[in-house]
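Student: Return atomic coordinates for the entry below.
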Amino acid sequence: MKIEVEIFRLAEKTPEQDEYVMVNEQGISYWKPQVFNKMCNCWDTADGDDYERGLRDNDVWIRLPKPDISSLYAEKIQ
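Tutor: Predicted coordinates:
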């Protein structure tokens, strides 16, 4: 299965409030899940409860693809 994602730079586009996304900090070689907290101007931990760190314009992030659950229902009906 091939999944295409868009990569956004935080300075150009922000996630929705409380959106769960994958984030890559400049200079770090891995992605990690975080929750966008616009009200407090920070990234929260993956569970959305605790402050992780402040926002940086060079942070890049991706939306996680939403699974197409309609195919699951179709399989159960058949």
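Student: Nearest the geometric middle of the protein, what residue?
Tutor: V21 (0.9 Å; C-alpha atoms, centre = their mean).
Student: residues in contact with that one?
Tutor: With contacts defined as C-beta atoms under 8 Å, 6 or more residues apart in numbering, V21 is in contact with 15, 33-36, 61-64. Yep, even glycine has a C-beta here, placed from its N, CA and C like the rest.
Student: again, 10 Å this time
Tutor: Residues in contact with V21, defined by C-beta atoms under 10 Å, 6 or more residues apart in numbering, are 8, 14-15, 31, 33-36, 43, 46, 61-64.
Student: likewise K66?
Tutor: Contacts of K66 by C-beta under 10 Å, 6+ apart: none found.
Student: Local confidence estimate at it?
Tutor: For K66, the pLDDT comes out at 71.
Student: Now the buried members of the contacts of V21.
Tutor: 8, 15, 34-36, 43, 46, 61 (16 or more other C-beta atoms under 10 Å).
Student: distance of C40 from N58?
Tutor: Separation of C40 from N58 (C-beta to C-beta, to the nearest Å) stands at 20 Å.
Student: go on, Y20?
Tutor: Y20 is 21 Å from N58, by C-beta to C-beta.
Student: Who has more neighbours out of the two?
Tutor: Higher neighbour count among Y20 and N58: Y20, with 16 against 11, using other C-beta atoms under 10 Å.
Student: Let me see the confidence value for that one.
Tutor: Model confidence at Y20 (pLDDT) stands at 92.
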